[in-house]
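Novice: Could you look at this predicted model? Sequence included:
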Amino acid sequence: MVESSKIHPATVVTNIKACIPIVLDYDGKQYNTWSTVFQLHCRANLVLDHIKPPAKPVTQADGKEPPQVNMDLWQRLDDIVRGWIYSTISLDLLNSIIDSDDKAVDAWNRLEIFFRNNKSARALQLDAQFTNTRLEQFEGVH
């Protein structure tokens with residue numbers, strides 16, 4: 001974590017849609033792309049731990065405990081990341097996952113569960129759609 005006396009990179013991002021131009025919607029065709037780009041952006045802005053918390057407490061190289069985290073800064077960064085999530089998904093999807101008491105990781109996990117658990121149903125739907133497609137529906141196919 002960056003010292004609180006310095007400006008944190010995440011606090012200067014003014015337009016998240018310029019950095020993450022993908023809008024995730026219920027269709028979810030772009031979930032993997034959106035997720036990858038979002039994680040890259042979080043890693044570049046030193047806030048990846050807000051959506052992917054470390055499995056165990058991080059210790060410094062010399063074995064000492066890490067310095068105390070400024071909770072006000074941590075909460076601000078978490079709200080920024082949660083705002084990024086909410087700003088890069090469709091309004092319908094936002095209405096189904098939003099919760100005022102959430103942390104960024106809660107919103108992230110809710111989206112992941114929604115799209116990862118939906119894979120089988122989506123595969124069956126696409127298979128049925130492909131099976132029922134007729135060549136005469138396409139003008140340019142000979």
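Specialist: Looks like it came in fine.

Novice: Now do the helix or strand where Ala128 lies, average pLDDT.
Specialist: If you go by DSSP states H and E, Ala128 is part of helix 119-131. For helix 119-131, the mean per-residue pLDDT is 67.

Novice: and if you look at stretch 49-59?
Specialist: For stretch 49-59, the mean per-residue pLDDT is 81.

Novice: Ok, stretch 85-96 next?
Specialist: Here the average pLDDT along stretch 85-96 is 94.

Novice: Count the residues that sit near Asp72.
Specialist: As a burial measure, Asp72 scores 9 neighbours (other Cβ atoms under 10 Å). No exception for glycine: its C-beta is placed from N, CA and C like everyone else's.

Novice: Equivalent analysis for Ala104, please.
Specialist: 23.

Novice: From Gln129, how far out is it?
Specialist: Distance of Ala104 to Gln129, computed by Cβ to Cβ, to the nearest Å: 35 Å.

Novice: Over to Ile16?
Specialist: For Ile16, the distance to Gln129 - Cβ to Cβ - is 33 Å.
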